[in-house]
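In: what shape does this take:
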Amino acid sequence: MKTVAACALLIVCFAISTLAQTPDPTQAKKTEMKKLEKMAGLWKGSGWIQQGPKRENFTGGELVQVKLDGLALLVEGKFTNSEGRVIHQTLAVLNCNEQNSGYDFSTFLANGIAGVHPFKVVGDHFEWGFEIPNAGIVRYTIKIDDTTWSERGEFSRDGKTWMQNFEMKLTRALQ
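Out: Residues are numbered from 1 along each chain as shown. Predicted coordinates for the structure are as follows:
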């Protein structure tokens, strides 16, 4: 009986020791999310968007907040034209995706369109995009330094020839 109890105690001690040595999976995700940390803050500025033949200028901003103790970023954008009409409004969540060694960008637009898109750190900038079935590909390039957020959107029907359809320049605002 003492042998059985000693074996059981040894197994429990081994299991506890093994669990104590297992790295915290959330810590690895938080470390990856730190690469996106410079996005956090309140950003204000202007830009333009072209949908079909109509090009509209806008002003507004992005509010990017660190959430869940560093596991996600909440991105809210609202932009209006010179008459004050909202022409571009977004809500998105960025989080680490360990399956594809990148990030998921879950986007929600005011026009009802939503999706989950790959978001990548590429050198000194970020890239994300999506396909529009039977139409083409949209891609965005975001460059951020301490005070400036520059974003460029492009569209391609064939993945080779690109046409710019969006540009935004924001400045970090004091909160």
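In: Pro118 should be in a helix, yeah?
Out: No. Counting by DSSP: H, G, I helix; E, B strand; the rest coil, Pro118 is not part of a helix but strand.
In: what are the ranges of the strands in the protein?
Out: Secondary structure of the chain (DSSP state E): strands located at 41-51, 54-67, 72-80, 86-97, 102-109, 114-122, 125-132, 136-144, 148-156, 163-173.
In: run through who's touching the first one.
Out: Outside of strand 41-51, the residues that reach it under the criterion CB atoms under 8 Å, 6 or more residues apart in numbering are 55-64, 79, 87-88, 149, 151, 153, 164-175. Where C-beta positions appear, they are placed from N, C-alpha and C, glycine not excepted.
In: contacting residues for Lys34?
Out: Per CB under 8 Å, 6+ apart, neighbours of Lys34: Gly70.
In: circling back to that earlier point, mind putting the strands of the chain into CSV with mean pLDDT, mean neighbour count and distance to Thr26?
Out: What follows is these, written out as CSV (pLDDT from 0 to 100; neighbours: other CB atoms under 10 Å; distance: least, CB to CB, whole Å):
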stretch, mean pLDDT, mean neighbour count, distance to Thr26
strand 41-51, 95, 17, 23
strand 54-67, 96, 16, 13
strand 72-80, 97, 18, 11
strand 86-97, 94, 18, 10
strand 102-109, 94, 18, 15
strand 114-122, 94, 14, 19
strand 125-132, 94, 16, 22
strand 136-144, 96, 16, 25
strand 148-156, 97, 18, 28
strand 163-173, 97, 16, 28
